[in-house]
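In: test case, fold it:
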Amino acid sequence: MISTLGMVLILFAGTMIGFQQAAKYTDRTAQLRQLAHALQRLETEIGYGQTPLPVALERAAGHTRGPVQELFREAAQRLLLEDGSSFHECWEGTLEAGWGRTAMRQSEKASLSRLGAALGISDREDQMKHLRLAMLQIQTEEETAREEQARYSKMWKSLGVLAAALVVILIV
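Out: Okay, here's the model as predicted:
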């Protein structure tokens with residue numbers, strides 16, 4: 001009875017590990033989509049609404065959720081609270097503090113870091129160009145993430161179940 005329960009627990013744990021690994025691919029794709037949407041909203045706020053950057057960041061955050069929302073909201077708060085700090089300094093601090101909570105990779109962080117260096121220091125048209133460039137980079141990364149999700153998500157789920165089954169077989 002106890003050995004049967006142990007085998008079931010091993011199978012369950014292996015399956016959950018596989019599903020957790022597969023979920024990282026799904027989370028990355030969803031967060032990249034949210035990030036592209038937030039950047040598009042930010043472009044609209046800056047370009048057409050002529051909204052100040054902290055308010056534009058807060059409004060862009062209001063249309064997303066999860067870690068992407070936290071990044072934009074924290075950047076807006078840092079920009080409002082820290083006297084004398086440039087947007088780039090606030091943005092970099094936000095990325096460093098909050099990047100671990102996202103499922104995104106370093107290439108996306110580098111794109112956002114380059115964007116942070118350009119926002120707030122040039123005219124509206126230049127900022128919109130930088131936002132469009134960042135959106136294109138993020139959309140390209142999203143396409144790659146979708147391909148990886150399709151390729152590796154099923155693999156991780158199967159691998160978790162099969163590895164757990166192998167452990168059970170070896171124990172018996």
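In: use CA for all of it now, contacts and neighbours both
Out: Noted.
In: for the lengthiest helix in the chain, packing partners?
Out: Longest helix in the chain, counting residues (DSSP state H): helix 124-171. Applying 3 or more Cα pairs under 8 Å, 6 or more residues apart in numbering; DSSP states H and E, one finds that helix 124-171 contacts helix 2-47, helix 106-118.
In: what's the following helix or strand after the first one?
Out: Later in the chain than helix 2-47, the nearest helix or strand by DSSP states H and E is helix 53-62.
In: now the angle from the longest helix of the chain to helix 106-118?
Out: 160 degrees (axes from the mean of the first three to the mean of the last three Cα atoms, to 10 degrees).
In: okay, the angle between helix 124-171 and helix 2-47?
Out: 180 degrees.
In: helix 124-171: how far from the chain's middle?
Out: Here helix 124-171 is found 11 Å from its chain centre; the criterion is Cα atoms, centre = their mean, to the nearest Å.
In: residues in contact with Asp83?
Out: Contacts for Asp83 (Cα atoms under 8 Å, 6 or more residues apart in numbering) come out as none.
In: so it, which of the three states?
Out: Put simply, Asp83 is coil when judged by DSSP: H, G, I helix; E, B strand; the rest coil.
In: any idea how far Glu89 is from it?
Out: Note on Asp83: its distance to Glu89, by Cα to Cα, to the nearest Å, is 11 Å.
In: of the helices and strands packed on helix 124-171, flag the one that's most buried.
Out: helix 2-47 (a mean of 18; mean count of other Cα atoms under 10 Å).
In: show the average pLDDT along it.
Out: Taken as a whole, helix 2-47 has a mean pLDDT of 92.
In: quick one: list the elements packing against that helix.
Out: Checking 3+ Cα pairs under 8 Å, 6+ apart, helix 2-47 ends up next to helix 53-62, helix 66-81, helix 124-171.
In: for the chain, which spans come out with low pLDDT?
Out: 82 (pLDDT under 70).
In: now with 80?
Out: Residue ranges of the chain with pLDDT under 80: 82-85, 120, 122.
In: that older thread, quick one, which of the helices and strands packed on helix 124-171 gets closest to Ile169.
Out: Distance to Ile169, taken as Cα to Cα, is lowest for helix 2-47 among those, at 9.1 Å.
In: the closest one to helix 66-81, inter-axis angle?
Out: Using the same axes, to 10 degrees: helix 2-47 against helix 66-81 is 40 degrees.
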